[in-house]
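Participant: Quick one, what's the 3D model for this:
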Amino acid sequence: MYVGNAKKVDTNNTLLKGIDVGKGCIRFKKSTIVADTQIDQFIDRAIELWQQGKDIGC
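Facilitator: Numbers count the residues shown, from 1 in each chain. Take a look at the predicted model:
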């Protein structure tokens, strides 16, 4: 999943804890139970920042 710069969205590294995050992408392993992550909150936050005109790109 391409997200821009994840560190700009999740500044305190709590929403993506335990998920493999690269430069501009989030990688889910087959063993990851997506429902047990906070990815939905991360996406909501990314959309909120984007709507505010904030820079979340790489």
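Participant: For Trp50, see how far away Asp36 is.
Facilitator: Relative to Trp50, Asp36 is positioned 25 Å away (C-beta to C-beta, to the nearest Å). Using the backbone N, CA and C atoms, a C-beta is placed for each residue, glycine as well.
Participant: Those two: which has the busier surroundings?
Facilitator: Of the pair Asp36 and Trp50, Trp50 is the one with more neighbours under other C-beta atoms under 10 Å, namely 14 against 8.
Participant: Run through who's touching the one helix or strand that one maps to.
Facilitator: Element membership for Trp50 (DSSP states H and E) is helix 39-51. Among residues not part of helix 39-51, those counted as contacts by C-beta atoms under 8 Å, 6 or more residues apart in numbering are Val3, Gly4, Ala6, Lys8, Val9, Asp10, Leu15, Leu16, Ile19, Ile26, Ile56.
Participant: What is the burial count for the first one?
Facilitator: Okay, so that is Val3. By other C-beta under 10 Å, the residues close to Val3 number 21.
Participant: Perfect, that will be all.
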